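**Student:** build me a model:
(chains A, B, C and D)
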2 protein chains.
Amino acid sequence: MSDVFTALANPTRRELLRLLLERGEQPVQQLADHFDMRRPSLSEHLKVLRDAGLVVEHPVGRQRLYSLRPEPLREVADWLGPYERFWRARLADLRDVLDGLPDE
Amino acid sequence: MSDVFTALANPTRRELLRLLLERGEQPVQQLADHFDMRRPSLSEHLKVLRDAGLVVEHPVGRQRLYSLRPEPLREVADWLGPYERFWRARLADLRDVLDGLPDE
DNA sequence: ACAATACGTAGGAGATTTCCTACCAGTCAA
DNA sequence: TTGACTGGTAGGAAATCTCCTACGTATTGT
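**Tutor:** Presented below is the predicted three-dimensional model:
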């Protein structure tokens, strides 16, 4: 869980996930083209994402195609569950207060 | 957004959020009692949570009561939205494959 | 076989994180 | 007012993060 949040804490890595979501499977060079950063640094970010289980990779010729693996994000959503109940309750309270106000 | 994920990346800080969720508003000392860590370190963790907007604090006498502020977690849930659609589609694909198998 | 391409890893610099001890300011109670 | 209590901040050590350049390995095309 910490690994996943740590991976998501970096904007470059979130952008990598977004690219993989929108465009699907892609080689490293194609991903790197969209960042103002050297390719080895991107490789390191991809390693962090791999270690967190957020991407998987498989070689095709001399390329390595990366693709999204959303299961850890599902765990994040599960983790959020109890807090979601909390904020929904707060929204309900707010609505009650607003309903009780005069000249609505 | 990075601030929120960075705050959530640390297990001590996630545990602090959990305590505030389960027990509600609490002073620092009461929170600190549940960690094997010096109080100033906890204060620093609370500062990270405050800066991320995940907790708010107000003084009562010589204590400072901390409470949960779930709005940033709601933003996390919103951020997850597109990925959720992605994993739901994958689950649907998986079900289709399973449905198509012989001797089910 | 050789040059070019794709990508990872090594090693290092500078910033940041996470813990600590010491200390300071504000509040309360005697 | 003095002493105890609550909690933040200063400063520092060790680890980790994030970028870089240099280099190594595997694959492809000529």
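
**Student:** and the longest helix seen in chain A with helix B:71-100, angle?
**Tutor:** Ranked by residue count and defined by DSSP state H, the top helix of chain A is helix A:71-100. Angle, helix A:71-100 to helix B:71-100, by axes from the mean of the first three to the mean of the last three CA atoms, to 10 degrees: 130 degrees.

**Student:** now the lowest-mean-pLDDT helix or strand in chain A, how far from the centre of its chain.
**Tutor:** Lowest on mean pLDDT, DSSP states H and E among the helices and strands of chain A sits helix A:71-100, with a mean of 86. Computed by CA atoms, centre = their mean, to the nearest Å, the separation of helix A:71-100 from the middle of its chain amounts to 20 Å.

**Student:** what about the closest residue in space to residue A:83 that isn't next to it in sequence, neighbour count?
**Tutor:** Leaving aside its sequence neighbours, residue A:83 sits nearest to residue B:73 (CB to CB, 6 or more residues apart in numbering or on different chains; 4.7 Å). (Glycine included, C-beta is placed from N, CA and C.) By other CB atoms under 10 Å in any protein chain shown, 23 other residues sit near residue B:73.

**Student:** now residue B:73: how far from DNA strand C?
**Tutor:** Using CB to the nearest atom of the strand, to the nearest Å, we find residue B:73 at a distance of 18 Å from DNA strand C.

**Student:** ok, that residue touching residue A:84?
**Tutor:** Yes: the criterion here is CB atoms under 8 Å, and residue B:73 meets it with residue A:84 at 7.5 Å.

**Student:** any idea of the pLDDT on residue A:19?
**Tutor:** Model confidence at residue A:19, given as pLDDT, is 97.

**Student:** and for residue A:63?
**Tutor:** So, for residue A:63, pLDDT stands at 96.

**Student:** count of residues packed around it?
**Tutor:** Residues contacting residue A:63 under the criterion other CB under 10 Å number 14.

**Student:** was I right about it contacting residue A:28?
**Tutor:** Yes: using CB under 8 Å as the test, residue A:63 is close enough to residue A:28 to be in contact (7.4 Å).

**Student:** hmm, back to that, for the longest helix of chain A, which positions count as buried?
**Tutor:** Neighbour counts using 16 or more other CB atoms under 10 Å in any protein chain shown place A:72, A:73, A:74, A:76, A:77, A:79, A:80, A:83, A:86, A:87 of helix A:71-100 among the buried residues.

**Student:** can you pull the contacts of residue A:12?
**Tutor:** Applying CB atoms under 8 Å, 6 or more residues apart in numbering or on different chains to residue A:12 gives the contacts A:35, A:37, A:42, A:45.
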